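K.L.:
Sequence first, predicted model second:
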Amino acid sequence: MGIKPDTVTYTSDYFDYLYDMCVRMIKEGHAYADDTDQETMRDQRWKGIASARRDRSIEENLRIFTEEMKNGTEEGLKNCIRAKLSVDNPNKALRDPVIYRCNIETPHHRTGTKWKMYPMYDFACPVVDSHEGVTHALRSTEYTDRNPQYQWFIDTLKLRQVYMWDFARMNFIRTFLSKRKLAKLVDTGKVWGWDDPRMPTIRGVRRRGMTIPALRDFILKQGPSRNVVTMDWTNFWASNKKEIDPIAPRHTAITKKDAVKVLVKGADAPAEPIKQEKPKHPKNKEVGTKQVTFANELIMDQADAKSFKDGEEITIMGWGNGFVRNIDSSAEVIPTLEIDLNLAGDVKSTEKKVTWLASKGQTLVPAELWDFDYLITKDVLQEEDNMEDFLNPVTETMEEAWCDEASATLKKDDIIQLERRGYYRVDKGLNDWKEGEEKKLVLFCIPTGKTGSK
């Protein structure tokens with residue numbers, strides 16, 4: 001996102017402070033050690049039954065926490081520390097939540113094996129927020145039931161107040177945002193990683209081609225609403241198109257598969273290839289210029305050629321009109337055709353405007369054109385739904401193509417528009433390959449916000 005924080009902090013920076021706060025809670029009678037097995041504890045909390053350990057003495061609780069749990073002894077491992085809030089509050093988040101638990105199996109990624117027990121999120125969050133000087137805790141509405149618990153820790157420990165602001169999490173159709181489910185996709189190889197362009201992560205949408213200004217604008221327009229809604233991706237990508245359309249250089253690509261060879265004839269046809277300086281953007285001169293090669297040998301897309309009729313006048317984009325000659329429209333695959341140039345023709349009078357590339361006089365650039373689909377087939381997954389049942393079997397497609405010579409200078413993260421194809425982000429430029437690897441452009445199609453865009 002380009003955001004540079006003044007400081008990056010971790011909860012583990014405050015493990016000593018949190019330990020002291022827990023000791024204080026025990027001393028003041030607000031927490032107790034409990035060795036009830038998890039299944040029984042879960043059942044008691046659900047039914048509003050007090051633990052048999054709830055009335056342990058302060059001395060016993062302190063001993064277990066500071067000696068047994070701290071050292072990860074056999075007795076310590078059996079215990080956890082619970083805050084003494086309520087036994088049967090209708091809000092189950094307030095029923096004596098666990099605030100410390102032992103873990104000696106996995107060393108902490110920052111503190112190693114120094115600690116044998118660790119604070120739970122519900123305890124660490126309000127204590128650290130207050131300690132660090134947080135003024136407003138921004139919390140999604142899924143934590144609303146826990147807000148009284150957050151406030152209880154601050155009030156009980158007499159800490160500096162923190163103002164809580166709830167907002168609804170943003171949901172999108174045919175997308176899940178659960179980190180657990182997304183991690184499963186990564187771990188099972190269903191996607192390339194957390195930055196896969198199909199992933200609903202910041203890195204994912206950025207790799208897909210979302211710009212930072214458009215992302216910021218979209219989020220600000222949504223506002224901190226408390227209403228839970230499931231949005232279409234249309235507005236998300238439409239905001240991006242507004243950013244990239246005025247500045248994206250125009251280039252041309254012709255798919256390699258069944259590319260049609262075109263022989264250009266007529267008085268206007270160049271005997272030898274010529275190059276002309278043309279603007280990269282028809283409406284924005286500041287984008288710069290590129291060299292376009294004109295020659296009497298071209299390639300066009302098979303789909304375009306299949307639509308031609310012999311004798312039909314078409315417009316060769318960026319050049320002029322021409323008449324189609326010597327084409328067998330009934331053929332399953334059209335290998336070649338001829339065009340009789342008619343540069344005096346009116347480009348407004350033709351029905352078909354087609355892209356093309358000169359096949360001689362320039363070095364065409366090989367490219368991969370990637371497009372992506374939704375990861376799941378259902379608009380909204382329910383809690384009881386099995387994710388695997390709704391995974392989209394095909395979520396990526398790739399076509400090999402030739403691009404114009406000017407595209408050879410494109411770099412990773414450049415955004416371009418391929419004429420008549422759409423917008424693309426450069427995932428790899430020609431200089432992003434290792435020695436010995438085949439050099440080619442790797443281009444990811446950017447959705448535009450049109451209905452049905454992915």
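P.N.:
Alright, I've got the coordinates. Numbers count the residues shown, from 1 in each chain.

K.L.:
From the centre of this protein, point out the most distant residue.
P.N.:
In terms of distance from the mean C-alpha position of the chain, A267 ranks first, at 52.6 Å (C-alpha atoms, centre = their mean).

K.L.:
so who does that one touch?
P.N.:
Neighbouring residues of A267 by C-beta atoms under 8 Å, 6 or more residues apart in numbering: L341. C-beta: built from backbone N, CA, C; applies to glycine.

K.L.:
Assign it to helix, strand or coil.
P.N.:
Assigned state for A267: coil (three-state reduction, DSSP: H, G, I helix; E, B strand; the rest coil).

K.L.:
Would you mind measuring from it to Y118?
P.N.:
83 Å (C-beta to C-beta, to the nearest Å).

K.L.:
what about the helices in the stretch 301-450 of the chain?
P.N.:
Here the stretch 301-450 of the chain has its helices, by DSSP state H, counting those that start in this stretch, at 302-307.

K.L.:
Output the below-cut-off pLDDT ranges for it.
P.N.:
Counting by pLDDT under 70, the stretch 301-450 of the chain shows no low-confidence range.

K.L.:
can you do 80?
P.N.:
Under the criterion pLDDT under 80, the flagged ranges of the stretch 301-450 of the chain are 329, 383, 449-450.

K.L.:
where along it do the strands fall?
P.N.:
When secondary structure is read from DSSP state E, counting those that start in this stretch, the stretch 301-450 of the chain shows strands at 313-316, 320-325, 336-342, 353-354, 357-358, 365-372, 396-403, 415-418, 422-428, 441-446.

K.L.:
And the stretch 1-150 of the chain, by the same measure?
P.N.:
31-34, 80-83, 98-102, 117-119, 136-140.

K.L.:
Export those to CSV and append columns for mean pLDDT.
P.N.:
As requested, the strands of the stretch 1-150 of the chain are exported to CSV (pLDDT from 0 to 100):
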stretch, mean pLDDT
strand 31-34, 98
strand 80-83, 98
strand 98-102, 97
strand 117-119, 97
strand 136-140, 92
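
K.L.:
Out of the ones you listed, which gets nearest to K348?
P.N.:
Each of the strands of the stretch 1-150 of the chain has some distance to K348 by C-beta to C-beta; the shortest is strand 136-140, at 53.7 Å.

K.L.:
counting contacts, what elements does that closest one pack onto?
P.N.:
Other elements packing on strand 136-140 under the criterion 3 or more C-beta pairs under 8 Å, 6 or more residues apart in numbering; DSSP states H and E are helix 121-132, strand 163-167.

K.L.:
Would you mind giving the ones you listed as a markdown table with distance to L357 added?
P.N.:
A markdown table is the format used below for these (distance: least, C-beta to C-beta, whole Å):
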| stretch | distance to L357 |
| --- | --- |
| helix 121-132 | 57 |
| strand 163-167 | 50 |
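
K.L.:
Identify, out of these, the most deeply packed stretch.
P.N.:
Most buried of the helices and strands packed on strand 136-140, by mean neighbour count (mean count of other C-beta atoms under 10 Å): helix 121-132, with a mean of 19.

K.L.:
gap between E67 and E60?
P.N.:
As judged by C-beta to C-beta, E67 and E60 stand 11 Å apart.

K.L.:
what does E368 give?
P.N.:
67 Å.

K.L.:
Could you do P5 as well?
P.N.:
As for P5, its distance to E60 is 43 Å (criterion: C-beta to C-beta).

K.L.:
out of those two, which sits in the more crowded spot?
P.N.:
The neighbour comparison of P5 against E60 (other C-beta atoms under 10 Å) goes to E60, with 13 against 6.

K.L.:
okay but that one is in contact with A33, surely?
P.N.:
Yes: in terms of C-beta atoms under 8 Å, E60 counts as a neighbour of A33; the distance is 7.1 Å.
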